[in-house]
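Participant: Fold the following, please.
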Amino acid sequence: MRKSAAVLCGATVVLAGTLTAVPAEASAEASTAQSANAVQAAKATWKKCGTDDYPTLQCASVKVPLDHAKPQGRKITLALSRVPHTATKYQGPLLVNPGGPGGSGLTLAGFVASSLPKAVAAQYDVIGFDPRGVGESKPALDCKPGQFNPVRPASVPSTPAIEKANLKRAKSFAAACGKKYADVLPYINTVQTVQDMDSIRAALGAKKINYFGYSYGTYLGAIYAKLFPERVRRLVLDSIVDPTGVWYDDNLGQDYAFDARHKALMAWIAKYNSTYKLGTDPARIEAKWYAMQAELAKKPVGGKVGAAELEDTFIPGGYYNGYWPDLAEAFAAYVNDKNADPLVEAYENFAAIDASGDNGYSVYTSVQCRDASWPRDWSQWRKDNWAVYEKAPFMAWSNAWYNAPCAFWPTKSLKPVNVANAKLPPTLLFQATDDAATPYQGGVTVHRLLKRSSLVVEQGGGNHGITLSGNACLDKYLAKYLTDGTVPRGHGEADAVCKKTADPVPTATAKSAMAATAESATAPDGDTLHGLLGFRG
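Facilitator: The predicted model follows:
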């Protein structure tokens, strides 16, 4: 969603969508958790688990109720990580989350601690955690290993047989989750995860927490702030979920934004015709991409990359333009030289799903399908997604099938939480105008709902996850806020506007530039961050 800086700093907006109050179930669970945590929380015991990249990292675990409404019942285990503070001035724990749902946050603690200015990071215990069901937490979900093994049916249901095959996959995945985790699925949702966060707070012995979340992690943060506003000290949300559209409408909205980012990639390739030799007209380059997809639908390459896998390979380019040079090289090699090897390599680097990916997808579906209602009539999905496809074909059906298990999910849906909040201290929001995964309106909406929030916008930026990724202007606001709580105050839709991070250049040019400057060696690492944030969330 493109808006000029002038509009950002002066316009008013009308919020779209319907909000409900905190569900009675959620309120009761939160109240129970508040009283239970004070009695039950055991202090976390930390052990060294440093890595070459993050040598001071420590690890621990904490047991929490599977159902926070029954604090004396069955317990599950959450895995935690920590980079401890080293400064005399201590500002408490800073919980971090990379999104998903289904993303592991253990390594993110190390990244955040090493990417913030040293003087700022030193004042916090930076705390990562694997949310319930994820990674090193127990039990870790894996509903159906190999769900994304290649080669899958094409995503666009151009024939009844293709639609039937994809429906069969979605139904079988939902059924597998229901059979394998019947006793767990009702408790894999955002509200329970938020209550886990408060259990972590209690286990850390903190009266309040600081929180920094990316992507879906912004929704976790907003709901934590709703249920436990008196326990929020500082709150940073980067690349913000629109809470008025969870989750069906938000996913449809993503499709238009990802199509725009795919077109931006085509335009970038056109700019470097001397390198990629795919032409100078973005529309014609895009036509070549769809022709490539049609060929792969008929004849997958390497036993791995068909039409669906091609989409999987290029979707990460919608999250982070740092992947554009590799994607463009693979595209050009296939079209110009009939060489599919770079395409297969790109698939393996960006899209191939391993056991951790199976786990992440199992948690993703479990949370999203439980959090909010989804159409149970497949004809509604068919109607809505064909309508989107006509205007924004790039990811429409790929996204539909990714979420399709929710049409057949074995647990009933909860009602979304109204995150509107006037009880918080000043909070800081970051949003790029052309973000595809969490489109711009989400940042604007949450800015209006959190009454003392400030919104910092990256004008023209299209990456998902924009702080600690090389934009000094954005990082200045983040560091200032974490140092002393200062937020920018403007008038209108945005409180501050930063220029976007420059688009990448072709790989050979980038290597030459890197050799010519030492600055890149000390700048925050966008590649590392986006590897931790992952995709689809």
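
Participant: burial count for T501?
Facilitator: Counted with other CB atoms under 10 Å, residues neighbouring T501 total 22. Any C-beta I mention is one placed from the backbone N, CA and C, and that applies to glycine too.

Participant: Determine the longest helix present in this protein.
Facilitator: helix 248-271 (DSSP state H).

Participant: From D434, how far out is A267?
Facilitator: Distance, A267 to D434, by CB to CB, to the nearest Å: 12 Å.

Participant: Comparing those two, which residue is more hemmed in?
Facilitator: More neighbours surround D434 than the other of A267 and D434, with 23 against 15 (other CB under 10 Å).

Participant: correct me, but the more buried one touches A264?
Facilitator: Yes: here D434 reaches A264: they are 7.3 Å apart, a contact under CB atoms under 8 Å.

Participant: Name the SS class of T86, please.
Facilitator: Per DSSP: H, G, I helix; E, B strand; the rest coil, the secondary structure class of T86 is coil.

Participant: burial of it, as a residue count?
Facilitator: T86, neighbours per other CB under 10 Å, totals 14.

Participant: how about the nearest residue to it, chain neighbours excluded?
Facilitator: Counting by CB to CB, 6 or more residues apart in numbering, T86 lies nearest to A122, which is 4.6 Å off, once chain neighbours are set aside.

Participant: Surely that neighbour touches T88?
Facilitator: No: with contact defined as CB under 8 Å, A122 and T88 do not form a contacting pair (9.1 Å).

Participant: ok, these two, which is more surrounded?
Facilitator: A122 (18 against 7).

Participant: quick one: contacts for the more buried one?
Facilitator: Going by CB atoms under 8 Å, 6 or more residues apart in numbering, A122 touches H85, T86, A87.

Participant: For N463, give its distance to G135.
Facilitator: 24 Å.

Participant: more neighbours, the two?
Facilitator: Counted by other CB under 10 Å, N463 and G135 do not tie: N463 has more neighbours, with 28 against 20.

Participant: most remote residue from the chain's center?
Facilitator: D337 (35.3 Å; CA atoms, centre = their mean).

Participant: Can you give me the separation between it and W397?
Facilitator: For D337 relative to W397 (CB to CB), the value is 29 Å.

Participant: What of F258?
Facilitator: Remark: distance between F258 and W397 (CB to CB) = 12 Å.

Participant: what about stretch 279-298, average pLDDT?
Facilitator: For stretch 279-298, mean pLDDT rounds to 98.

Participant: Can you pull out the residues in contact with that stretch?
Facilitator: Applying CB under 8 Å, 6+ apart, the external contacts of stretch 279-298 come out as 154, 262-263, 266-267, 269-270, 273, 278, 305-307, 309-311, 314, 331, 334-335, 393.

Participant: buried ones in the helix or strand hosting A283?
Facilitator: For A283, the element it lies in under DSSP states H and E is helix 282-298. Judged by neighbour count using 16 or more other CB atoms under 10 Å, the buried positions of helix 282-298 are P282, I285, E286, K288, W289, M292, Q293, E295, L296, A297.

Participant: helices and strands around the next helix-or-strand element following it, which ones?
Facilitator: Using DSSP H and E, the helix or strand that follows helix 282-298 towards the C-terminus is helix 307-314. Applying 3 or more CB pairs under 8 Å, 6 or more residues apart in numbering; DSSP states H and E, one finds that helix 307-314 contacts helix 282-298, helix 324-337, helix 341-350, helix 396-403.

Participant: Tell me which residues of the shortest one come out buried.
Facilitator: Of the residues in helix 396-403, those with enough neighbours to count as buried (16+ other CB under 10 Å) are A396, W397, S398, N399, A400, W401, Y402, N403.

Participant: what's the answer for the second one, then?
Facilitator: Judged by neighbour count using 16+ other CB under 10 Å, the buried positions of helix 324-337 are W324, P325, D326, L327, A328, E329, A330, F331, A332, A333, Y334, V335.

Participant: Just want the angle from the helix holding A283 to helix 307-314.
Facilitator: Using axes from the mean of the first three to the mean of the last three CA atoms, to 10 degrees, the inter-axis angle of helix 282-298 relative to helix 307-314 is 130 degrees.

Participant: hey, C-alpha coordinates of helix 282-298 in PDB?
Facilitator: C-alpha atoms of helix 282-298 as PDB (Å, rounded to 0.1, in the frame of the first residue of the first chain):
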ATOM      1  CA  PRO A 282       8.400  -5.700 -16.400                       C
ATOM      2  CA  ALA A 283       5.100  -6.900 -17.800                       C
ATOM      3  CA  ARG A 284       6.900  -9.000 -20.400                       C
ATOM      4  CA  ILE A 285       9.300 -10.300 -17.800                       C
ATOM      5  CA  GLU A 286       6.300 -11.300 -15.600                       C
ATOM      6  CA  ALA A 287       4.800 -13.100 -18.600                       C
ATOM      7  CA  LYS A 288       8.000 -15.100 -18.900                       C
ATOM      8  CA  TRP A 289       7.800 -16.000 -15.200                       C
ATOM      9  CA  TYR A 290       4.200 -17.400 -15.600                       C
ATOM     10  CA  ALA A 291       5.300 -19.200 -18.800                       C
ATOM     11  CA  MET A 292       8.100 -20.800 -16.700                       C
ATOM     12  CA  GLN A 293       5.500 -21.800 -14.100                       C
ATOM     13  CA  ALA A 294       3.400 -23.400 -16.800                       C
ATOM     14  CA  GLU A 295       6.300 -25.400 -18.100                       C
ATOM     15  CA  LEU A 296       7.200 -26.600 -14.600                       C
ATOM     16  CA  ALA A 297       3.600 -27.700 -14.100                       C
ATOM     17  CA  LYS A 298       4.000 -30.000 -17.100                       C
END
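
Participant: and that helix with helix 248-271, angle?
Facilitator: Helix 282-298 and helix 248-271 are oriented at 110 degrees to each other (the same axes, to 10 degrees).

Participant: Any chance you could list what contacts the helix or strand containing V456?
Facilitator: For V456, the host element (DSSP H and E) is strand 453-459. With CB under 8 Å, 6+ apart as the test, strand 453-459 has contacts from 3-5, 8, 424, 426-433, 443-444, 446-447, 466, 471, 474, 477, 487-490, 493-501.

Participant: Spit out the contact partners of V232.
Facilitator: Neighbouring residues of V232 by CB under 8 Å, 6+ apart: K208, I209, Y211, Y224, A225, L424, P425, T427.

Participant: Whichever of those end up buried, select them in PyMOL.
Facilitator: Command for PyMOL that selects the buried part of the contacts of V232, burial taken from 16+ other CB under 10 Å:
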select buried, resi 209+211+224+225+424+427
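
Participant: so which of the contacts of V232 comes closest to A113?
Facilitator: Taking CB to CB as the measure, A113 lies nearest Y211 of the contacts of V232, at 14.9 Å.

Participant: Tell me the bridge partners for that closest one.
Facilitator: Taking DSSP bridges as the rule, Y211 bridges to L95, L235.

Participant: Correct me if wrong: it contacts R231.
Facilitator: No: applying CB under 8 Å, one finds Y211 not in contact with R231, separated by 9.8 Å.
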